[in-house]
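S.K.: just to be clear, the model below is a prediction. Sequence and coordinates:
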Amino acid sequence: MKKLLKFMILTTLLLSFTLIGCSKLSKENYDKIKVGMDYQQVIEIIGEPDKCDAAVGTKSCMWGSETKNISIKFVVDKVILPSMKGL
């Protein structure tokens, strides 16, 4: 009985930590993004974007949905305009 209880508690804790750690879409991570940062540095912080549009040396990328997101405009793969919504 004690083994089962320990197993259930451990499983619950692991699932909780996993769910908490899944989303990189947070105000804390947004605050880490700075103008001039490389595209690859942004990917290391918040992961791959959900969508990007690119044209002649510029790129606009969005992480998340229309209601909760981080959007960043890049010029020559450098952050020029980060913004967030709903975080």
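M.R.: Thanks, I have the structure now.
S.K.: contacts, neighbours, all on C-alpha from now
M.R.: OK.
S.K.: how about low-confidence regions in the chain?
M.R.: Applying pLDDT under 70 to the predicted model, the residue ranges of the chain that meet it are 1-22.
S.K.: the nearest residue to residue 39 once chain neighbours are set aside: neighbouring residues, count only.
M.R.: Once its chain neighbours are removed from consideration, residue 39 has its nearest residue in residue 77; the separation is 5.2 Å (Cα to Cα, 6 or more residues apart in numbering). Around residue 77 there are 15 other residues, counting by other Cα atoms under 10 Å.
S.K.: wait, isn't residue 63 in contact with residue 25?
M.R.: Yes - using Cα atoms under 8 Å, residue 63 makes contact with residue 25 at a distance of 7.3 Å.
S.K.: now list whatever residues contact both of these two.
M.R.: Listed as contacting both residue 63 and residue 25 by Cα atoms under 8 Å, 6 or more residues apart in numbering are 46, 69, 70.
S.K.: pretty sure the last one contacts residue 62?
M.R.: It stands for residue 70. Yes - in terms of Cα under 8 Å, residue 70 counts as a neighbour of residue 62; the distance is 5.7 Å.
S.K.: between the two, who's got more neighbours?
M.R.: Neighbour tally, residue 70 and residue 62, criterion other Cα under 10 Å: the higher count belongs to residue 70, 23 against 20.
S.K.: does that one count as helix, strand or coil?
M.R.: For residue 70, the assignment made with DSSP: H, G, I helix; E, B strand; the rest coil gives strand.
S.K.: give me the beta-bridge partners of it?
M.R.: Each beta-bridge partner of residue 70 is listed here: residue 63, residue 84, as defined by DSSP bridges.
S.K.: what residues sit buried inside the host helix or strand of residue 79?
M.R.: Assigning secondary structure by DSSP states H and E places residue 79 in strand 78-85. Counting neighbours by 16 or more other Cα atoms under 10 Å, one finds that the buried residues in strand 78-85 are 78, 79, 82, 84.
S.K.: list the contacts for the third one?
M.R.: Shown here is residue 82, whose contacts under the criterion Cα under 8 Å, 6+ apart are 33, 34, 35, 70, 71, 72, 73.
S.K.: got a PyMOL select line for the buried ones in those?
M.R.: The following PyMOL command selects only the buried members of the contacts of residue 82, with burial defined by 16+ other Cα under 10 Å:
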select buried, resi 33+70+71+72+73
